[in-house]
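[1] below are the sequence and a predicted model; questions follow.
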Amino acid sequence: GGGTGGCGGACGCGGAADTAEPELDVRTVPHSLRHATVFGALDAVPAGSAMVLVAPHDPLPLLAQIERRDPGAFAVEYLERGPESWRLRLAHR
């Protein structure tokens, strides 16, 4: 392999793909689909890695759902708390 990945470098992941955590911005996702979108993304996060969630509000109901679904599976760290966006790092333990 050439080490560029399947995108050929076009997505900007470059050589940092192993360190950069994927970011999911749900502000553009219809509200009725947001939680399902987040759960689908979380299912793709391997143990020992993390993703960043960008939401238009403090996603407390979503965090409660994640905890009920997989108790203790994800550690949550707030990177930004509004007012326009909330950024949370969800680390899969």
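    Good, I have the coordinates. Numbering: from 1, shown residues only.

[2] next, count neighbours for residue 28.
    Neighbour count of residue 28, defined by other C-beta atoms under 10 Å: 8. (C-beta placed from N, C-alpha, C; glycine too.)

[3] oh, and call the first residue 59 from now on, that's how I've got it
    Okay, using 59 as the starting number, the last item reads as residue 86.

[4] flag every buried residue along stretch 93-112.
    For stretch 93-112, burial by neighbour count (16 or more other C-beta atoms under 10 Å) applies to 93, 96, 99, 100, 103, 108, 109, 110, 111, 112.

[5] can you confirm the third one is in a helix?
    Yes - using DSSP: H, G, I helix; E, B strand; the rest coil, the secondary structure at residue 99 is a helix.

[6] how about it, nearest residue that isn't a chain neighbour?
    Excluding the flanking residues, the one nearest residue 99 by C-beta to C-beta, 6 or more residues apart in numbering is residue 82, at 4.9 Å.

[7] what does the strand or helix carrying the one you found rub up against?
    For residue 82, the host element (DSSP states H and E) is strand 81-83. Strand 81-83 is contacted by residues 95, 96, 99, 109, 110, 111, 112 when judged by C-beta atoms under 8 Å, 6 or more residues apart in numbering.

[8] parallel or antiparallel, list what pairs with it.
    Partners of strand 81-83 in the sheet, by DSSP bridges, are strand 108-113 (parallel).

[9] can I get the partner strand in PDB, CA atoms only?
    Taking Å, rounded to 0.1, in the frame of the first residue of the first chain, the C-alpha atoms of strand 108-113 are listed here in PDB:
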ATOM      1  CA  ALA A 108     -13.100   8.200  20.100                       C
ATOM      2  CA  MET A 109     -15.300  10.500  18.000                       C
ATOM      3  CA  VAL A 110     -16.300  14.100  18.400                       C
ATOM      4  CA  LEU A 111     -20.000  15.000  18.300                       C
ATOM      5  CA  VAL A 112     -21.000  18.500  17.300                       C
ATOM      6  CA  ALA A 113     -24.600  19.400  18.300                       C
END
